[in-house]
Every structure is written in C-alpha cells, then in structure tokens.
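[1] Coordinates for the following, if possible.
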Amino acid sequence: MTCPSVSRSFDLLLTPVLSPSAMMCRMGALSLGWFALCLGVAVAVDRGNFKTCEQSAFCKRQRAMKAGQSPYRALLDTLELSDSRVTLQLINDNNKVHLLLELYRLQGNMTRVKINELKPLKPRFEVPDVLIADPPTEPLSVVSRDENGVVLSLGDEARRLIVSAQPFRLDIVEGPQVLLSLNSRVTPMLERALFSLNSLPMSAHQAPDGGSEDDNQPGLWEETFKSHTDSKPNGPTSISLDFSLPGVEHVYGIPEHADNLKLKSTDGGDPYRLYNLDVFQYELYNPMALYGAVPVLLSHNAQRTMGIFWFNAAETWVDISSNTAGKTVFGKMLDYVQGASETPQTDIRWISESGIIDVFIMLGPKPADVFTQYASLTGTQSFPPLSALAYHQCRWNYNDQEDVRAVNQGFDEHDIPCDFIWLDIEHTDGKRYFTWDPSKFPKPLEMLQDLTDKRRKMVAIVDPHIKVDSGYKIHSELRSKNLYVKNKDGADYEGWCWPGNAGYPDFIRPDTRAWWASMFAYDQYEGSTENLYTWNDMNEPSVFNGPEVTMHKDAVHGAWEHRDLHNLYGFYVQMATAEGLIQRSEGKERPFVLTRAFFAGSQRYGAVWTGDNAAEWDHLKISIPMCLNLNLVGISFCGADVGGFFKSPSTELLVRWYQAGAYQPFFRAHAHMDTPRREPWLFGPENTALIREAILQRYALLPYWYQLFYHAYLTGQPIMRPLWVEYPGDASTFAMDDQYLLGRDLLVHPVTEEGARGITAYLPGQGEVWYDVHTFQKHNGAQNLYIPVTISSIPVFQHGGSIIPKKLRIRRSSSCMENDPYTFIVALSPQRTAEGELYIDDGHTFSYRTEKKFIHRRLTFANNTLTSRNLALDSQFSTPSWIERVVILGAQKPNKVTLRMADGAESSLDFEFDTAMSVLTLRKPGMNVGADWSILLQ
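    I've put the predicted structure just below:
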C-alpha cells in the first residue's frame, strides 16, 4: 500500500394527484429522458406546495390575536417553593382553565420556564432524548412579594426574576436593566380543545380562550390543504409566547433558512417557519421552512449575548419585530442628532401547533457563555474521524463499480487528494436500502477493498423510507415486529418515495432505533466493511404524495400524533444510524453520518449539509450565513454541495466554490444526475490546477481543523464563527456574513462575486495585526482592506498572536499523512507573543476518550522563546511525527537559534530570514511533536 504525494431529493413537489410521467420522475426514473421531463416540470420551488402562515390554521389564529388581549392571570397564593423550582398556577379568566407555571434556576446562568395545563384532558407531548441530562438546578429564593407580584433571586445580587400577576408577565432584570421579558405583549399562550369533535355538535365547542366559537371558523377540528385533510382528533392545541429584548437590534439562529445571518423583521410578511420539509430548489432570502429546525435564537449587542431555546418539536412559526427595523443608517443618525430617546428593542413571538411551553433562557453574558450553556443542555458536536474533515467526492450517481474505480484512479492520476467517494440511491437493488444493485455493484467488498488499498473510504446512502416488498428483508422484519409508523386508522402508514410505495419506521420508539442500529452489523448489511459510512437523506421525512411533501400530521407514533414530534424524525434517524456504526465496531470506531433533516441536539450524531442547492452565485454566497447560523446553534459540522446540486456551474463558479468549500467544515462536491460530470479534472488543466490548489490548502490545514473539532467536542464553541463572536463590542461586525472566523485565528473572506477583481475584507481588532496566509504580508486590525484578486485568490488571514499547525506534505488521503511531519506557523502579535495548540490521536477510534490515548500540547511564544508544553499529563499516546519547519511571522532577525530539549540538551538550528517580510524560517529542527522543548531566539 503506497501513499504518493500528491441529494438528491429530486422532488418535483407536484400536486398529490400525479400524472404517470410525473410518477416516473418521482420513482427514481428509468432513463435520463424521464429526468429531463422532470426538470421541465419545475425549475424552482413551487410555493403553492407549502403553507404560508395564512394557510396554517393555528398560525393564522394565533397571529390574529393582537397584543393586549391576554386573559391570563397569576394566582400568587398558589406559589410553592422547593429546592429545585418555583410553581404557581395561572388562570385563563375567559374559560377558567388553570395552567401550571414552573420556574427553574439552572446552573450556568440559565432560567427554565415551563407552562402546561394543570389538569389536561389529554397529556401534551414533551420532547424526549434531546437533552443530554436533566439540567442541574440551583435554589430560587423569594426576595419580596405583594398582591401585584413576586420577586425571585437568580443568585447574583443584581439579577432578579419578577413575576407580575395581572396580566401575567415575567421579567428578568439585572440591576435597573431589563434583560428580557416574557408575555410582555400579553398575547394568548395556549389553546385548549374542551370537547371531542365526535362527541358534541360544533356549537358546543369552546374557543381557545373560552368564548363561543364561530361554527364556521375553519381549521379547529379539521384542516384541508390542497387535497389533503388533517383530521385533528384532539382539536386546537397550539401554544405561543412572546419575548421582548430591550436594547437588542440583532438576532440570529433558528435554522434552517436560506437567508442572511441576521434575522429580519417579519412585520408585513410571513414568520420564519420551523418545519422539516423536502423543498425542491429552494428560494433564497425568505423565511420558508427547509430541511432542518433548531428552535434556538441568539440576541447580541455590545453589552450582552443571550439565547432562547424554545423546546418544542411541532411545527413552529417565529415572528420577529423591531422598532429599528427598516431604519436606514441615515435615519438612525437623524434620531441621534435630534435627541430621539427610543431604546432599540426586538420582540420575538414563538407559535407552535402542539406540546407545552418549555423555554430555556440562556443569559450569557458573553457569546462563549451562551455556547457553553446550550451545550450543557443538548451536548456538543461529535468528534468525527479525521478523514471526515478531508475532501469528499459525490454524485447522484456513480454508475457502477467500474465508474467508482475510474474516479478513484482519477484522483491519483491528477495528483488531487480525496478521502471519500459517495454512492447515492442508484447503488441499491431497486431502492432497497442496505442492498447493492447486483448488476452494477456485484462485488461491493472488492470495490471497498480497492478504496482501502488507496487508504480511502466510501459513504453509501441509507434513507428511512422502506420499499413495501414482502421479499425485502428490511421491510419484512419491520412489519413482523410492528415497527412502522401508523396511519390514523391504525394500519401501517405508507407513502410514495424513491422505491415507490414505502413504509416509514417509527424511529421515535427505542426498540425501532435499536433494530435499525443492528442492521448495520457486518453480518446484516451484506457487502459492508469498516470503511463504509452512511448518509441519511429524505429524513424530514419526505413523502412525495403527502401534504407539503411530508408525513400526514395525524399519522400515529404510539400515543402521539406525528404533528407533536415531526421535527424530531430526522434527529432520531441519524441517532440510530450513528449508534449502528458504533455497535458494528463493538464501540471502538467513531461513526460518520451525514443527515439532511435535523433538530436541536443533532450535533451529537454527525454532520449536516444545506441540501439541494443550485449552481448559482447567490447559492454560493448564501452557504456562508446558512452555515454560520448552524454553528451558532451547536451544529458545527456543516457544509454546502460544492458546485451546486442542481444546474451546471461555469468554470469560474466551480473554482470559486471549491475555494470557499475548502474553508467550510464539511467539504463535499455533489451534483444531480442530470448535470454533466463534474470531477475536478474535467475542466481543463488550468482549472484542474486551481481546484487542486484549493483542496491542497484544505489538507495542509487538517491539523488545525482537527484541533477545532476537538475543542468543539469538548466545549461546544463553534468552529465557523461570525466575527462578532470574537469581537462582541465591534458593532460593524454584527450583520457581517460574507466573511467569518475559523476558530479564533483564521479569517476567511471567500470570493463570491462573478468576475471579481477585488474584495474588501474587514480585519477586526484595534491594535491587533493580521497576516495574509499566502504572502505573509502584515496588516493592521480595525480596517477595511481592499484586496485585488485573481481567479487563484483565496483571501485568508492569520491572527497576530496565534500559532497554527499544518502539514505540508500532501498525499492522496489524510490517512496517508498520518505520520508526516508538522509545520508551525507562528504569527506574532504587536507585543511579540503568540499561542496555539496541537492535538493528535489515532484519528478514528474512541481511544482518546476511553484510554486517554492522545497528545494535547500548548505552544507559546514569549520573550523570544517558542515553547511546547504538555496539556494532558495523564494521556498516553506516541507518534513518529516530527517538526520539520517553524515559520515565525513578524519576527526580527536573530544572531543565533538554539533548541533546548527537556533533558537540557541543546543544539543550534539553521535559519533563514526574509528581511523584507520579517519572516524567520527554521528548517528541520527535528524534534518529536509529542516532546517538551523550547526554541530560543538570541
């Protein structure tokens, strides 16, 4: 074995009554002619297939209830105080229904608010499995109370939680400052269906707030969208709550939406929607729902960062309004000149179809604190195999084993590194997952061994829609074990997807997930090996003939309707798949699973991507804010299909996308089967060289990427960061989403404009410096820097004061580079200091966690001395890797350079000094990267 250097989701979203030709499109198609027909049917999202708030009965009702109408009052005499919580009852004065309010002070500067019916006619769904544990609490105490309300202490002397009685309202204050208010706009919170539709005539129904309901008001007990009828056996059960954020103009998060980083006001338009959907050729810059939903919103100003986690898995709409929305910079300046005293404020209203009100308020105050707080609730980003951070080559579909062999060989012939080749749905036997097409992929073990020989790996797709076929083992077992989701009548739920008629495993059930995980065992998944990993697509779930191309809301998961937990389905699919990959190795190997659908907590199980994008410049641009918002809510392992899934990119766009993708956490090229082939060497020698260079830059930085993922796993801090995360007081960064930081120390401004001859990058930090990573040119911080660019330019800057590890001997895959030497890039601050870290382990097992087999070192430069110090004294790991180069930027020329080892042995090192650029290069100092040492510049 030598190592030389070197979704599909083709959903047309037609009406549920399908023509024969359209059905052929949807079923996977028998020829390219059918796909051409499909493409002719729809070239962009058909908005008519997806609801607006006006078409969603509960959203329309809740939105129509204006501020000031709240009937809720706190019954202060019911207050009970225990070690872990405060409870008191609320009453709806219209219908006399009692609610239970629970208040928790959580460790780490968080507050939890829960509101449920005191005596529900039927239990409401509460989200399981997302929190990593019951959040530890701290005692609340009553500071004061009277007939108007109660004041509770949140630990800090200045921080209080104020409960106002009538109308019910909560305020969190710090000294004289109101940080956040709940129900301050006194809008209704909770609908309650008092009677069953089948037991009483419509005139007996009660309105959500207790009044007599108009017999003709649609959507309370049944709702129709296009040709689909939702039976709503439990009646109206929606919830809502508003939050006011004084002093806040900038809010972020609530992915997934193809929109800017900063969330916009929804006044006059639709709210942002959170409802996992398979959206064909999604539009940009609008609040439509996409494939995933994370109901976490962050607010930020120069003084404080906070977060709101709306813990609900039902369809959710989020309204945002701001008293500064729409004001131009001139308008704000005019306010200032005229002495206008209006304090900026942003108001958020959450509306969900069912469930309870369960909210975690993360009080920061720093951005890093909010990330830590959220990670303590839902966990941190999984620590992937090192190879998963390298380059992935995908297409719908590589035709057969010979095609895979040729692509594998093509990377070597063109000296382009690659770690993974992917197979889409056509590799299966008739869209039967866990199988191989017997004519196209007759010898999968041989194919996988060919990849292993090159130290490469494969990902194969496994979707959660299962072909209804009595001769198909997976379907037969699911049916015999009664593990499918049920329809409202109790039969197995079936819908159309790639295989034709399909069933959907009930992943909400632990026994279903355990069975699914067992199917990845090598003796169950025939033709699989340890270098085969998994891609979960279509797991919103996608149902071609379902309402909004998804599962009917009145489908049944045990005691719960699908409406209660829809946004959890993809979360559970990825969870079960990741567990299966772990189990097949008896708990030794780290999994890699890519998912399209996701929820809060999905970061624990693998990677996500931004779905079926298009080969357009705007889609390249939008990939940056989409991934930034995902990173802000814990999902760091994010990327976009390089080149665009639909359509065919120009060579300029393709090159620019490779350059951008090389600096995003998940780096995969992917394309629709109807597009021309797009392997990196097919666009002429010049473009091949440009793409190769972008991929080489990715591989050189793999030690830094790996270290970032280790820190994300340990701490929950994002990998891809908006600039305001590290510069929270710099208001010019608050809405910036065309550049970003990788960790703290690399600033990336991809070129995303067609025909660009220059870009302007903002280098933050008064009194700081940044170095161009390609030229080593030093630039001062706190400036907008114009940078001339050519087609080969990738503007990237290293922060002065940092040390970044690299590997400059690039080979055919990351595994081939495992024992290669390291280069340290030391970028000095104006104070002539720098620091960084180095993390190394075996790159693929859990031994770093179970046996403490890793190296973790602190690198510091101060007083003209570069030092490597062990950060994990109890760890046990060794590597033959050594240090072949140290490059110090912003250096002065020394007279002598001395290497001093831990045993006191000293030796002189050769060096070169570039006077014009102030760059000192030490070549082949030769020490092992795991050793203690110091380099003295004299």
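[2] any idea which element residue 857 lies in?
    Here residue 857, judged by DSSP states H and E, is contained in strand 855-862.
[3] Each with direction, which strands does that strand pair with?
    According to DSSP bridges, strand 855-862 has the following sheet partners: strand 834-840 (antiparallel), strand 865-870 (antiparallel).
[4] Out of those, indicate the one that is most buried.
    strand 834-840 (a mean of 22; mean count of other Cβ atoms under 10 Å). Glycine gets a C-beta too; all of them are placed from N, C-alpha and C.
[5] re earlier: now render the strands paired with strand 855-862 as CSV, adding distance to residue 729 and mean pLDDT.
    As requested, the strands paired with strand 855-862 are exported to CSV (distance: least, Cβ to Cβ, whole Å; pLDDT from 0 to 100):
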stretch, distance to residue 729, mean pLDDT
strand 834-840, 22, 98
strand 865-870, 31, 98
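[6] Columns distance to residue 111 on top of these, output as a markdown table?
    Shown next, in a markdown table, are the strands paired with strand 855-862 (distance: least, Cβ to Cβ, whole Å):
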| stretch | distance to residue 111 |
| --- | --- |
| strand 834-840 | 34 |
| strand 865-870 | 39 |
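[7] how long is stretch 848-868 end to end?
    Across stretch 848-868, the terminal residues are separated by 20 Å (Cα to Cα, to the nearest Å).
[8] The residue nearest to residue 178 when sequence neighbours are not counted and residue 162, how far apart?
    Spatial nearest neighbour of residue 178, chain neighbours left out: residue 246 (5.2 Å); criterion: Cβ to Cβ, 6 or more residues apart in numbering. Between residue 246 and residue 162 the computed distance is 14 Å (Cβ to Cβ, to the nearest Å).
[9] Ok, residue 137 next?
    For residue 137, the distance to residue 162 (Cβ to Cβ) stands at 19 Å.
[10] Would you mind naming the helix or strand containing residue 373?
    Element membership of residue 373, judged by DSSP H and E, is helix 367-378.
[11] which residues does residue 361 form a beta bridge with?
    In beta-bridge terms (that is, DSSP bridges), residue 361 pairs with residue 111, residue 308.
[12] Tell me which residues touch it, please.
    110-113, 172, 180, 306-309 (Cβ atoms under 8 Å, 6 or more residues apart in numbering).
[13] Report the buried members of these.
    Among those, the ones that count as buried by 16 or more other Cβ atoms under 10 Å are 110-113, 172, 180, 306-309.
[14] What separation is there between residue 712 and residue 719?
    Taken as Cβ to Cβ, the span from residue 712 to residue 719 is 5 Å.
[15] anything in contact with each of those two?
    With Cβ under 8 Å, 6+ apart as the test, residue 712 and residue 719 both reach 381, 636.
[16] more crowded one of these two?
    The neighbour comparison of residue 712 against residue 719 (other Cβ atoms under 10 Å) goes to residue 712, with 27 against 22.
[17] buried ones in stretch 583-591?
    Within stretch 583-591, the residues that qualify as buried are 584-585, 589-591, counting by 16+ other Cβ under 10 Å.
[18] what does the average pLDDT come to for it?
    Mean per-residue pLDDT for stretch 583-591: 98.
[19] One more: stretch 713-721?
    Mean per-residue pLDDT for stretch 713-721: 98.
[20] then the strand holding residue 857 to PDB, C-alphas only?
    What follows is strand 855-862, C-alpha atoms only, in PDB (Å, rounded to 0.1, in the frame of the first residue of the first chain):
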ATOM      1  CA  ILE A 855      -1.400  14.300  22.600                       C
ATOM      2  CA  HIS A 856      -2.500  17.700  23.600                       C
ATOM      3  CA  ARG A 857       0.100  20.400  23.800                       C
ATOM      4  CA  ARG A 858       0.200  24.200  24.400                       C
ATOM      5  CA  LEU A 859       2.500  26.200  22.100                       C
ATOM      6  CA  THR A 860       3.600  29.600  23.300                       C
ATOM      7  CA  PHE A 861       5.900  32.300  22.000                       C
ATOM      8  CA  ALA A 862       7.100  34.900  24.500                       C
END
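[21] Please state the offset of it from the chain centre?
    With Cα atoms, centre = their mean, to the nearest Å as the basis, strand 855-862 stands 30 Å off its chain's centre.
[22] what does stretch 817-836 give?
    Centroid displacement of stretch 817-836 relative to its chain, using Cα atoms, centre = their mean, is 29 Å.
[23] now swap in stretch 931-938 and tell me
    Counting by Cα atoms, centre = their mean, stretch 931-938 comes out at 41 Å from the chain centroid.
[24] what's it in contact with?
    Contacts to stretch 931-938, defined as Cβ under 8 Å, 6+ apart, come from residues 864-870, 886, 888, 891-892, 894-902, 909, 920, 922, 925, 927.
[25] Among these, the buried ones, what's the ChimeraX command?
    Buried residues within those, by 16+ other Cβ under 10 Å, are selected in ChimeraX with:
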select :866,867,868,886,888,891,894,897,899,900,909,920,922,925,927
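[26] Okay, and which of the contacts of stretch 931-938 map to strands?
    Among the contacts of stretch 931-938, DSSP state E puts 865-870, 886, 888, 897-901, 920, 922 in strands.
[27] And those residues, which is closest to residue 571?
    Using Cβ to Cβ, residue 870 is the member of the ones in strands among the contacts of stretch 931-938 that lies nearest residue 571, at 38.2 Å.
[28] ok, and for stretch 157-171, which residues are buried?
    Across stretch 157-171, burial judged by 16+ other Cβ under 10 Å covers 159-171.
[29] Actually, stretch 260-275.
    Of the residues in stretch 260-275, 260-266, 270-275 count as buried by neighbour count, 16+ other Cβ under 10 Å.
[30] One more: stretch 449-458?
    450-452, 454-458.
[31] Then stretch 408-423?
    Under 16+ other Cβ under 10 Å, the buried positions of stretch 408-423 are 408, 410-412, 414-423.
[32] just stretch 150-159 next, same as before
    150-154, 159.
[33] of all the residues you listed, which two lie farthest apart?
    Within the buried residues of stretch 150-159, two members stand farthest from each other by Cβ to Cβ: 150 and 159, at 15.1 Å.
[34] my read: residue 418 touches residue 812, true?
    Yes. Applying Cβ atoms under 8 Å, one finds residue 418 in contact with residue 812, separated by 7.3 Å.
[35] Which neighbours do the two have in common?
    Common neighbours of residue 418 and residue 812 (Cβ under 8 Å, 6+ apart) are 411, 456.
[36] rewinding a little: ok, which pair from the buried residues of stretch 408-423 is furthest apart?
    So, the buried residues of stretch 408-423 by Cβ to Cβ: farthest apart are 415 and 423, at 24.3 Å.
[37] circling back: from the middle of its chain, how far away would the helix holding residue 373 be?
    The answer for helix 367-378 is 15 Å, by Cα atoms, centre = their mean.
[38] Give me the average confidence score over that helix.
    Rounded mean pLDDT across helix 367-378 is 98.
[39] how about it as CSV, C-alpha atoms only?
    Taking Å, rounded to 0.1, in the frame of the first residue of the first chain, the C-alpha atoms of helix 367-378 are listed here in CSV:
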residue,chain,number,x,y,z
PRO,A,367,-21.0,34.7,23.4
ALA,A,368,-18.8,31.9,24.6
ASP,A,369,-21.1,31.6,27.7
VAL,A,370,-24.2,31.1,25.6
PHE,A,371,-22.5,28.4,23.6
THR,A,372,-21.4,26.7,26.8
GLN,A,373,-24.9,27.0,28.3
TYR,A,374,-26.6,25.5,25.2
ALA,A,375,-24.0,22.7,25.0
SER,A,376,-24.8,21.8,28.6
LEU,A,377,-28.4,21.2,27.5
THR,A,378,-28.1,19.4,24.2
